[in-house]
Structure formats: structure tokens, C-alpha cells
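>>> Predicted structure and sequence below. I'll ask about it afterward.
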Amino acid sequence: MDRIDVHKLADEARFNGFHGLVLFWGLLILIFDGYDLAVVGAALPSIMKDLGVSAGGAGFMASSALFGMMFGAIVFGTLADRIGRVLTISICVALFSIFTAAAGLTGDPVTFSALRFFAGLGIGGVLPVVTAQMAEFSPLKIRARLVVLTFTGYSVGGILVALTGKQLIEAYGWQSVFLAAGLPLLLVPFILKTMPESMPFLIKKKRDAELRSIVGKLVPHYRLPQGAQFVVPASEKADETPIRHLFQDGRGFSTVMIWIAFFAGLFMVYALSSWLTKLMAMAGYSLGSALTFTLLFNLGAIVGSVFGAWLGDKFNIKYVLAAFYALGAASLALMGYIKSTELLFVVVFVVGASTLGTAVLAYAYAGGFYPTAVRSTGVGFAGGVGRLGAILGPILIGGLVALQLPLEQNFMAIGVAGLIGAVAVMMINHRLFASTHHFDATLETVPSKAVTVTP
């Protein structure tokens, strides 16, 4: 009987319409996900004024969704390996759409924070699952670029907030930008109908007909042998306790380093996402000008993500990622000292490329580090632990803002995290990077097209 390694099929496939569909859904979902997250940062000055909230209280309000994201990343990342990615993604989209919209109907900080916590479950949960989905189906040669291209949706969502936030807030109040976030709920039936399911999950559930359909789309010109058996490498087979695989086969120390790197990267991203508009307003810029900085920050993130992914596919992605963390630290250190508005625009662009761009690249790296069967779990735990940094960032910077410290000290406090992230990445054992060796020593391996093995 012919045995077909589905991972090898995905690795060697050529990009086609099927990959385009996976990319489309991942990109679109993360656009809305990014909007839902960035909307608080854009509305924060208006919320503080309208609800009479102090800087410290606003930091906790901004962090409420991040608490939810921490739990969401861990719970849904692990759950996806048990109930399937498509259902998990649909649940997450419903959660962040409903509860972000509901936050726009509140009038007190406590209710607002509670609703944002539940929205955060979906916002945080969808990230690792979409990462795992894109990483699984992407051809190996362009995997990092496709994963990062998917994540540019996150920045596009932030750009949408920057472009529409000022007009909506001034015309209809801060509540309007939250109510608009309910629209993605309409996508859920289409996600359930058209998004492909993970192949190892289908093998585990013995859904052979569905798996054959996906393989036919993944490699249209490959003729499946009659009665072929689909397999995954023995080292990547799923079981009922995927969490333990994060610490097996020498991955334990590197897993902890990945967690620290995520903590540092998300600390920088969410400190800036929540407070960049307010910090620039404190520096004397109007709301419109401050939102322009947010726009440049997210544009820089897109360019940095795509460029970093290209470098990661061409060179060793570990060293590319470490360099991006270090660049983030250096550019943030410059932020508070630049007086020229034009030069500051350039530096903010670089900051976006080397902070949010770095966080996106870190997701791509983690998506390739772990075996496919536990990829959602591995990325989910990394993102979940990283949310501790995301939570601490807005709170810490809120405290510094309340102390009325010099502007440059706020930015330098954020930049220290970049140095920590660079050191953590350099300590990861890159030889364990799963995407560089999709094979099973128990199966005969033969060149390229011979993805079947006949006993």
C-alpha cells in the first residue's frame, strides 16, 4: 500500500489558488483582528476625557483585552489541535466581533474592561491558529514570507483605525469605532464552509474523503494512487497531550527562550499600540498628527515584516529575528531625542518595522520551530506567555505617563525589551527548527516527487 507524507506534499507544492484561499482568509481575519486591537489606542484620549479616567486607569483598561488574549492564545491554540482549526477560528472571530462591538455600548470603565477581556479571548486565540494554518499549507521555500504576509493583515487593521478613527470619533464619538468592529461576524458561515482543515487533524479523525479533496487542490497535478494511506512523520504525530511535546526532544530550553522573546516583542508592540497616540499628543502634536504617527508605525510594520520574512527565507531566520529586536531597541532609544517632525516620521516608520514587524517575524519563526501536529499549541503558548509582556507594557507606560517623566524615558523603557528579546533569540537551538527537516526516519525517503513509499 502506498503511504503519502502530507507534509512532504505541502513542502514541495507550488503556490496555486488553494494557497491563495488560505492566504486570503488568514489575511482578512487578521485585518479585523488588528483593527479590534488597535481601536483602543486610537480612542484612548477620547475615552479618558469622556469617562474621566486617569492615565493609570486607562492603562488597565487598555490591558484588559490583553489579559483575555493571554488566555485565548493558550486555550484556543491548544484547542485547535483537538477540535480542528476551522471551528476554532470561527469561534474566535465571533468572540472578538461581538464583544468589541458591545464595548462601544458601555458607559463605565469596569464594564468596558470586562467586555474587552472577552473580546481579547478571540483576538489572542485566532493568532496562533492562523499562523499554524498558513505554515502548514505553505510551500517550504516561501513559508516564512507567506506567514508574514498573512500577518501584515494585523498592520492593515491598525492602518484602517488610523485612517478612519479620527473622522469617526469626531463625527460620531469614540463608540462608533467599536461598533464597526461587529461586521466580521458575518464572515463566520463562509469561514466554516470554505477554509480547509489541518491535514494531521483529518488523518487523526479518519476523514479520508475530505483529506483527498484537500490534497487534490494542494497539488492539482499529482495523481493519488488508489487506496493510498495518508501519513505524517512519526515525530510529528498528534496525541492527546500536545503540551508535553514543547519540552521533549531537547526543545525545553529553546521553548522558554521563545517565550521570553515573545514577552519582549509583545511588550514593545502593545506599549506602543496603546500609548503612541497619547505620547505624541503629550509632545504637542494634534490628534490628527498623532494618528499619522500610528499610520506610519503600521506601514513600517508591513514593510519590516515582509522584508524580514524575505531575509528569513534567504538567510538564517534566527539571526534576522535577533537583528530586528536589536534595531527596535536602538530606534526606540532615538524617539525621545528627535525634534524634527520629518525625521521623527522616518524613525517612527523604522520603529514600526522593528517592533510590530519583529513580533510578526517571531510568530513565523515559532510556526516553523514546532512540529506541525503541535504547531498551534507551540505558537499558542508562546503567544499566551508573550501576552504577559503585552499586559505589562501598557500598564508600565501608563504609570510612567502618570509620573510625567521626560518623553525619552518612556521610549527607552520600551526599548529595553528589544535587547532582552535579541539575547533570548540568540540562545534558541536552531538545529531543532522543525521546518528544515520534514522527514520520518522510519520511512524510506526518496527525492522530490517520490512522496509515496511502497512496502
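Looks like it came in fine.

>>> check contacts around Val161.
Val161 makes contacts with 35, 38-39, 41-42, 177, 294, as judged by Cβ atoms under 8 Å, 6 or more residues apart in numbering. Placement of C-beta: from N, CA and C, glycine included.

>>> How about Ile47?
40, 53, 58, 61, 112, 174 are the contacts of Ile47 under Cβ under 8 Å, 6+ apart.

>>> Which of the contacts of Val161 fall in helices?
Here DSSP state H is the test, and these give 35, 38-39, 41-42, 177, 294 as lying in helices.

>>> Am I right that Gly125 is in contact with Val93?
No - counting by Cβ atoms under 8 Å, Gly125 does not reach Val93; the two are 9.5 Å apart.

>>> So the closest residue in space to Arg207 that isn't next to it in sequence: helix, strand or coil?
Distance criterion Cβ to Cβ, 6 or more residues apart in numbering; nearest residue to Arg207, sequence neighbours excluded, is Glu197 at 7.6 Å. On the three-state scheme (DSSP: H, G, I helix; E, B strand; the rest coil), Glu197 is labelled coil.

>>> if I look at Glu197, how far off is Phe118?
Distance, Glu197 to Phe118, by Cβ to Cβ, to the nearest Å: 26 Å.

>>> quick one: which of the two has more around it?
Phe118 (20 against 17; other Cβ atoms under 10 Å).

>>> one step back: surely the residue nearest to Arg207 and Glu210 touch.
Yes - using Cβ under 8 Å, Glu197 is in contact with Glu210, at 6.7 Å.

>>> so how far is whichever strand or helix holds Phe24 from its chain's centroid?
Assigned by DSSP states H and E, Phe24 belongs to helix 17-51. For helix 17-51, the separation from the chain centroid amounts to 11 Å (computed by Cα atoms, centre = their mean, to the nearest Å).

>>> repeat for stretch 165-181
Computed by Cα atoms, centre = their mean, the chain-centroid distance of stretch 165-181 equals 25 Å.

>>> got the end-to-end distance for it?
12 Å (Cα to Cα, to the nearest Å).

>>> Could you point out which residue ranges in the stretch 351-455 of the chain have low pLDDT?
372-373, 376, 405, 407, 432, 434-455 (pLDDT under 70).

>>> how about the helices in it?
In the stretch 351-455 of the chain, the segments counted as helices under DSSP state H, counting those that start in this stretch are 356-369, 375-402, 407-426.

>>> Among those helices, which comes closest to Ser340?
helix 407-426 (14.8 Å; Cβ to Cβ).

>>> quick revisit: pull out the buried members of the ones in helices among the contacts of Val161.
Listed as buried from the ones in helices among the contacts of Val161 are 35, 38-39, 41-42, 177, 294; burial here means 16 or more other Cβ atoms under 10 Å.

>>> Kindly indicate which of these lies nearest Leu403.
Nearest to Leu403 among those, with distances taken as Cβ to Cβ, is Gly41, at 20.2 Å.

>>> Please tell me how far that closest one sits from Ala261.
23 Å.

>>> now Ser155
Taking Cβ to Cβ, one finds Ser155 at 20 Å from Ala261.

>>> Let me see the ranges of the helices in the stretch 101-250 of the chain.
Using DSSP H, counting those that start in this stretch, helices in the stretch 101-250 of the chain cover 109-137, 143-172, 175-179, 188-194, 199-204, 208-218.

>>> Which of those helices comes out lowest on mean pLDDT?
When those are ranked by mean pLDDT, helix 143-172 comes last with a mean of 79.

>>> what about Pro45, how many neighbours?
There are 17 residues near Pro45, going by other Cβ under 10 Å.

>>> whoops, I mixed them up, Val156
20.

>>> next one: Arg223
Neighbours of Arg223 using other Cβ under 10 Å come to 7.

>>> Please apply the same query to Ala73.
So Ala73, with other Cβ under 10 Å, has 31 neighbours.

>>> for the one 5 residues further on, same thing?
By the measure other Cβ under 10 Å, the count of residues near Thr78 is 21.

>>> you'd agree it is up against His245?
No - counting by Cβ under 8 Å, Thr78 stays clear of His245, with 11.4 Å between them.
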